[in-house]
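Chemist: Next comes the sequence, and after it the predicted model I'd like to discuss.
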Amino acid sequence: MLTRDSLLTEEQKARLDYLWAFDEDYQPLHQAYLVYQRIIDAYEMKNRCQAKKAMSHLIDQLRVMKGKAHKEIAQLGRSLHKRRRDILAFFDRGVSNGPVEAINGRLEHLRGIALGF
């Protein structure tokens, strides 16, 4: 499920279609999968202006989702909306603070281990 739709084989697509049709309990998972695909699509767009608009539109859509099945997705939308400016800045500059956050995470882990001595 982490593979882009465009990279799936016909057999994999058929298996996913079977999963989505198997039981209604899988519908929230299907919705999350579709959101994930739209996020990937936005980051892979060549035209950054269009990509920024697509991501902004997606954040707006997620934020207002209602219903029990969409509870977690709506929360994701609200979280993305809070960080909207930072997320959309990627499309202006083409860089993120991911590498810095990775180093910070390793330092925090090291600090946690060191407290045991």
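Modeler: It's in.
Chemist: Mind telling me what element the residue most central in space within the chain is part of?
Modeler: Central residue of the chain (C-alpha atoms, centre = their mean): residue 36, 4.6 Å from the mean position. Per DSSP states H and E: residue 36 is located in helix 27-44.
Chemist: Would you quantify the distance from the residue nearest to the centre of the chain to residue 58?
Modeler: 11 Å (C-beta to C-beta, to the nearest Å). C-beta coordinates here come from the backbone N, C-alpha and C atoms, glycine included.
Chemist: One more: residue 43?
Modeler: Distance of residue 43 to residue 58, given as C-beta to C-beta: 11 Å.
Chemist: ditto for residue 92
Modeler: Taking C-beta to C-beta, one finds residue 92 at 17 Å from residue 58.
Chemist: And residue 110, by the same measure?
Modeler: 36 Å.
Chemist: and the two? which has more neighbours close in?
Modeler: Legend: neighbour count by other C-beta atoms under 10 Å for residue 110 and residue 58, higher for residue 58 (17 against 10).
Chemist: ok, and the closest non-adjacent residue to the more buried one?
Modeler: Nearest non-adjacent residue to residue 58, counting by C-beta to C-beta, 6 or more residues apart in numbering: residue 38, 5.4 Å away.
Chemist: That neighbour: how many residues sit nearby?
Modeler: 16.
Chemist: Same question for residue 29.
Modeler: 13.
Chemist: Could you report the pLDDT at it?
Modeler: On pLDDT, residue 29 comes in at 88.
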